[in-house]
Structure formats: C-alpha cells, structure tokens
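S.K.: below are the sequence and a predicted model for it; my questions follow.
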Amino acid sequence: MQDNKKRIVIIGATSAIAEHCARLWVENTNVDLTLVARNAEKAERVATDLRVRSPQSVIRVLEANFIAPLAIQKLVDEIVAEGIVDTVLIAHGSLPDQDVCQQNLTECNEALTVNSISPVLFAEAFAGHMQKAKLGTLAIIGSVAGDRGRKSNYVYGAAKGLVTRYAQGLQHRLANTGVKVLLIKPGPTETPMTAHLKQQGGLAKVEDVAKVIVNAINQGKPVVYAPAKWALIMMVIRHLPQFIFNTLDI
Amino acid sequence: MVAISSWGRLGRFEHEVVGLSDRHQVVSQLKSNPIGIAHGMGRSYGDVCLNPNGVLWKTTGLDRFISLDENSGNLVCEAGVLLRDIQRLVIARGWILPVTPGTQLVTVGGAIANDVHGKNHHGSGSFGDHINSLKLIRTDGSIIVCGPNLLPDWFAATVGGFGLTGVITEVEIQLRRVTGPWLSTETIAYGNLNEFFHLADASEADWEHTVSWIDCVAKGGRGLFMRANPTDSIEHQEPKSRKLTMPFVPPISLINKLTLQPFNTAYFNLKKRQVGRSAAHYESFFYPLDNLLEWNRMYGPKGFYQYQCVVPRSVGHDAVQAMLKEISRSGEGSFLAVLKTFGNRQALGMMSFPQPGVTLALDFPNLGERTLKLFERLDTIVREAKGRIYLAKDARMPRDLFEAGYPRLAEFLKYRDSGMSSALSRRLIGH
C-alpha cells in the first residue's frame, strides 16, 4: 500500500451486521475495504453508501462464488497478493426455516453449506496466508444457536456449531503466531432477515452488535457474545440437564 | 405477526411486518404484500403509522446514502436514513438539515410523509420545502419520481400525505450551509400570552429559531421563550453524549395531578434564573429529549396522547387562552407543552399541517374517557377558530374536524394508492 490505510476484507458484505461493522470502520478512520459478496449489484449499493460516509477510504466490490472451493482459494490468493490484509471478517449466512429444512433436503443442504462449509473454506484460505505473514485478525461470525441444538433451529445451529469447533481448532493452530482468530456469536439481532419474527422486543439492535464486534476485533478477544448478556444465557442453556431442557419449547 | 405500538403507546397491535432493505426489491415486495403502510421509527404519536392486523413495510433497512455533493449541499439517500445520521455526517462538512423536528430519531421518509416542521418555520417552512425530488413506489408496481418542478401535483400530494400515496424509497434533499454545530441562544421568561406574542413577533426577523415552553397549569400562560441563531464560535466542548433509557414502564403515569403543578413551578423558577444569552450545541437545542431514550414510558401502561393544533393568528390569542383555561381547569396535561408561531406561508403539501398562525402542543396521560372529554372541548375551540389538528400526533379526532381542517382532502384523494391503508386513514377517510 502507498499509504498506511488499514486493509480490511469483508466476506458477505451485504449482511446487515457486516454492513454496520463497515460503517463503524469507515467512520473511525480511512480504510482500504474490500467487500466480497454473492451479488455485486447489491454490494455496490453498500459500497456507494460507505464512500459517502468516508470519501477518503478506498472501497471496492468483488463478486464471488461462495461454495466452490477452488474459486474461493483463487479469490483469496488474489486479494492477498495485492498486499497484507490486516482484518478479515467472515459474516455471511442465511437464517433457514427449520420446518422447511426438515421437509426438504435440498434446502437443508443449502442451509448447511452456506452457514458452515462456506465460511470455513474462506477462513482456511486466509489462515494460511496470515500464518505466513505472522499477522492479521480473522473474525468469523458464528451464532449463539451453535452452542446447543434446539428443536426450533437445529439445522442452523448445527452449521454454526461446526463453525465454533473449526474456530477453536484454528485458534489452537495459530496460538502464538501473531495471528488472532475471533469467533463472534451474535444473539438474535434486528435485521431485515428477522423483521417478521415475533419476539421483536428481545432482539438486539444491529448497530449495537456491530459495535461489540468492532471493539472485539480491536481487542483481539477469542470468543465474543454480542450483546454480552448472551454469554450468561448460553452458559445456562448449555448446562441445563437433558430432562429439563427437553421440557422447554425453544 | 408482530405486536407494534406507536410513540403514544396507546395500544399494541398485531402486524405482519415486511422488512424493506434493498431499494430495488421494493416493487416486488409491495406487490406481493398488499394493503399496508410504510413504517419507519414509529415516532408518530397516534395511528398514522399503524395498520392493525395488516401489513407494515418497515423502512428502517433502507438506510443507505447514495451521494453527497459537498459543494452544492445536495444529498441523495434512501428514505429509511435517520435525520440523526444525516446531521452527524454533514455537519462536519459544513452543512445541516434545513428543517428538523424535535427528535432526530425519525426517518427521512417519515419526515416527508408528515411534512414535519421545526423551530425555524417562520424562515424556512417545513421539511418538504427542501426536497428536490423523491421516488415513490406504488403498490401497482409503478414508480413515480416527483419534486417541486417534476410532477408537482404528485409531490404536493406526497409531502404531508401521511404515507397514502405510495412508499417513498429515495430522496434528494437540499442541505443548508452552516459553520459549525453551535447556536447562540437566548431564553426569556414571559408572564402571559400577550408577552409571548410580542416576543414571537419581535424575534421573527432576527432569530432563526424560536420556540417556547408554556406552563399549562398556571393561569394566564406564563412560560419561557427560547430563540437561537447559528454561530461560528467554537469555544465550547462537544457535549458528551450521555444516553439514559427510561428502564421500565411505571404502573401509573409519573405525570399526574400530584406531580404536574410542582414540577412546572419548579421548572419555571429554575429556568427563570438562567434566562439570558448562552450557547448550545445543536443536538441539545433541537433534540433535548433524545438523550432520554424511551421517555414515552413515563406515562405508564396506558400510554398518552399528544394534542397539537394550529389556529389562525387573528384569533390566536383568544383561542390559545381558551384552550389553556380548559386544560388548567381539567388539571391534566404535562410539562411537555410547546407554544410556537408559524410563519406567514402556506405549506406546499395538500395535507401538510403548518399554516399561518400559532401552534400549541401538549402531552396528556391517557386517563380514558376523562381525557377524551377534554379533547372534545379543545376541538370545539379549534373548530371555531378554523384551525386544524396535526395528523402525526392524532389518535382520536372526529372526522368532521378533519374534513374542516384539511379542505384539500378531495384533491388529495385522487393521488391515493388504493393498496395502502392505515388505522388513521380508516378512521378519518373510511378506507
């Protein structure tokens, strides 16, 4: 880089949480931001907004296939070839309908792929480069749903659980290398993806979740619940004995 | 279904909420979920933003900026962007929203649909006066781009059209030059309405912003008149944003007969000691209540009404006097009482609220029948004075008063989208 702008890559940049993280980054300082998305046209609208917020930042959009391993590897190699990446945020996902997943294995397969395999492939592709460079922060968005399987959304939960286990392993591998690996577990968040859900009162504001994530990345915390109260709630949920847990309608 | 209430918290109603977040998807989202109303922050007080058992198109996901020309002050953005986000973005670059209401936690689309006004109405008119163009999406899939010079009739129907002409998705706003975030202010105590009107008239030429707090309990109409102008001085510290949240809904309204009089007297006497000139950051001058999040909970589980009317200047003194007398006699009301003169200009919206005269706005805890009876007495005064009630605040006005107050209704209805409906439209228009 000619100047010392921080270089940030966001995978799944059109997700509401990712977009709000990007806003915080460009508001704080001028950055060099690469937005990777499945739909470039949609991501361009996010990029345009960020350029208005921060005319001095460099913001570009890359369209990508999110499930083809070779395409992911090539894309990440090209991004890294342009210069050292300081921060990667892997944020994509989709909230599937549990009932549909139970009826339709194609939907189930897609939910599992988009929410687990795809983020792991992106993380793995960046991890090798970061290990070599001995620096960088790799933040992956998991979910509180990955902490314990529940009947209301266990397909999504299983996918996020895989991400949790993967992040643990990667943290182990990269311990003491200078590379930081973060797993972020948002609770239910108020986004367009959840606007129709009934329990609006309990949803966290997406701005607040983004703040927690950006702060956690600055501090390099390994596991972060957003908002923080979910750490306590999920500790209780994880430790409930099966005979009590089975009586809960959650 | 999701339970939603408006700012007055008079009730919670089930809605099917459809989140809009991609401005290019709105056409298909409206077509597949008909008979709804756009809903932004839900900061209007009554039922203008509600559609119980029907669809709400939630616009807060349409919150992207599209362009900002720093030389001309021309801002293009999606309609769900908050006024707060505009102010914070543009003030550092030497611009400011030319008109802003008493809260910045509202969307641009809502500010247009209610054609909101601010403390500078006498000089700058209302929000719609500063819109160069807007994009409206109708439930039949058509897209209408209109502005003061482009399909001006559609524009006049949409500005202040309380959401019934379509969903506003994109807006072009003309900002106003400003040298910084500071205002020089002056507070003056007044002892009666004559003094108020005298101050208001004397301030119109030289002061950009004027507003007053009025003590609705005291007889005679004492209050505090505040006026302000932008200033270049930068000798002050940015205020620390300390946000408090009203943490719970108290079992009864904290504003009641016992608390109102002592509070108003204490407030008046406290502020009276601080009269004179001072400086204020725009956020604390324009949005004093935004630092107490969810302050509407103060009124308890039954919620509250706001009664805001405007009456012509010729009868302004007598009408306001008569209303204050009724309110004072009832012992109701709250310390959130505002009296302000509007400038001598007609709003461009067919259904806009501001008109030449004086506007009185007051909160009332919902005490059921008793409160509604008081409103009927106030209605009589407004009707006789040939005034009107603000739709953004209303939850109960009778249809005849609406029709008398808004003579351009028949003209407006030609532009209405038949796929849109709100609790307010059903109450006042019938469908």
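M.R.: Great, that's in hand.

S.K.: now for whatever residue of chain A ends up closest to chain B, how many residues are close by?
M.R.: Closest residue of chain A to chain B, CB to the nearest CB: A:Ala195 (2.9 Å). No exception for glycine: its C-beta is placed from N, CA and C like everyone else's. Neighbour count of A:Ala195, defined by other CB atoms under 10 Å in any protein chain shown: 20.

S.K.: how about it, nearest residue that isn't a chain neighbour?
M.R.: B:Gly19 (2.9 Å; CB to CB, 6 or more residues apart in numbering or on different chains).

S.K.: please apply the same query to A:Thr191.
M.R.: Closest to A:Thr191 by CB to CB, 6+ apart is A:Ala16, at 3.8 Å.

S.K.: isn't the one you found right up against B:Asp63?
M.R.: No - using CB atoms under 8 Å, A:Ala16 is not in contact with B:Asp63; the gap is 9.6 Å.

S.K.: what pLDDT does the model give B:Arg242?
M.R.: In this model, B:Arg242 is scored at 69, pLDDT.

S.K.: kindly report the same for B:Ile234.
M.R.: 66.

S.K.: got the contact list for the residue nearest to B:Asp290 when sequence neighbours are not counted?
M.R.: Distances taken as CB to CB, 6+ apart place B:Thr103 nearest to B:Asp290, at 5.6 Å, with adjacent residues excluded. If you count contacts by CB atoms under 8 Å, 6 or more residues apart in numbering or on different chains, B:Thr103 has them with B:43, B:287, B:289-290.

S.K.: so B:Thr103: helix, strand or coil?
M.R.: coil (DSSP: H, G, I helix; E, B strand; the rest coil).

S.K.: next one: it from B:Ser44, what distance?
M.R.: From B:Thr103 over to B:Ser44 the distance is 11 Å, taken as CB to CB, to the nearest Å.

S.K.: pLDDT of the top helix by length along chain A, averaged?
M.R.: Longest helix in chain A, counting residues (DSSP state H): helix A:154-173. For helix A:154-173, the mean per-residue pLDDT is 97.

S.K.: nearest spatial neighbour of A:Pro222, skipping sequence neighbours?
M.R.: A:Gln171 (5.8 Å).

S.K.: ditto for B:Glu384
M.R.: B:Ala319 (7.7 Å).

S.K.: same deal with A:Gly93?
M.R.: A:Gly93 sits nearest to A:Asn115 (CB to CB, 6+ apart), 4.9 Å away.

S.K.: tell me the secondary structure for the one you found?
M.R.: Applying three-state DSSP: A:Asn115 is helix.

S.K.: one more: the one 5 residues further on?
M.R.: For A:Val120, the assignment made with three-state DSSP gives helix.

S.K.: that one - how many residues pack around it?
M.R.: A:Val120, neighbours per other CB under 10 Å, totals 19.

S.K.: that one touches A:Tyr166, doesn't it?
M.R.: Yes - proximity of A:Val120 to A:Tyr166 meets the contact threshold set by CB under 8 Å, at 5.0 Å.

S.K.: residue ranges in the chain under the pLDDT threshold?
M.R.: Reading this off chain A. Within chain A, the stretches with pLDDT under 70 are A:1-3, A:198-201.

S.K.: nope, chain B
M.R.: For chain B, the ranges with pLDDT under 70 are B:234-242.

S.K.: buried ones in stretch A:215-235?
M.R.: A:216-217, A:223-227, A:230-231, A:234 (16 or more other CB atoms under 10 Å in any protein chain shown).

S.K.: hmm, I typed the wrong one, I wanted stretch B:80-99.
M.R.: B:80-87, B:89-91, B:95-99.

S.K.: which ones among those come in contact with chain A?
M.R.: Restricting these to those touching chain A (CB under 8 Å from any CB of the partner chain) yields B:Leu89.

S.K.: now, which of the buried residues of stretch B:80-99 lie within helices?
M.R.: B:83-87, B:89-91.

S.K.: and which of the residues you listed is nearest to chain A?
M.R.: The closest of these, once distances to chain A are taken by CB to the nearest CB, is B:Leu89, at 6.4 Å.

S.K.: residues contacting the closest one?
M.R.: Counting by CB under 8 Å, 6+ apart, the residues that B:Leu89 touches are A:52-53, B:65, B:68.

S.K.: quick one: the nearest residue to B:Met351 once chain neighbours are set aside from B:Gly349, how far?
M.R.: The shortest distance from B:Met351 to any non-neighbouring residue, by CB to CB, 6+ apart, is to B:Gly160 (4.6 Å). According to CB to CB, B:Gly160 and B:Gly349 sit 3 Å apart.

S.K.: again with B:Ala280
M.R.: 30 Å.

S.K.: could you check which of the two is surrounded by more residues?
M.R.: B:Gly349 (26 against 20).

S.K.: thought the more buried one was touching B:Thr165?
M.R.: No - using CB under 8 Å as the test, B:Gly349 is too far from B:Thr165 to be in contact (10.5 Å).

S.K.: can you get me the start-to-end distance on stretch A:113-122?
M.R.: Length of stretch A:113-122, first residue to last, CA to CA, to the nearest Å: 12 Å.

S.K.: do the same with stretch A:26-46
M.R.: 12 Å.

S.K.: what sits up against it?
M.R.: Outside stretch A:26-46, the residues that reach it (CB under 8 Å, 6+ apart) are A:1, A:5-14, A:19, A:22, A:25, A:47, A:50, A:53-54, A:56-66, A:75, A:79, A:92, B:22-24, B:64.

S.K.: check the offset of that stretch from the chain's centre.
M.R.: Here stretch A:26-46 shows a centroid-to-chain-centroid distance of 15 Å under the convention CA atoms, centre = their mean, to the nearest Å.

S.K.: before we move on, what about stretch A:116-130?
M.R.: 12 Å.

S.K.: now do stretch A:47-62
M.R.: 20 Å.

S.K.: quickly check: it near chain B or not.
M.R.: Yes - using CB under 8 Å from any CB, stretch A:47-62 reaches chain B at A:48-49, A:52-53.
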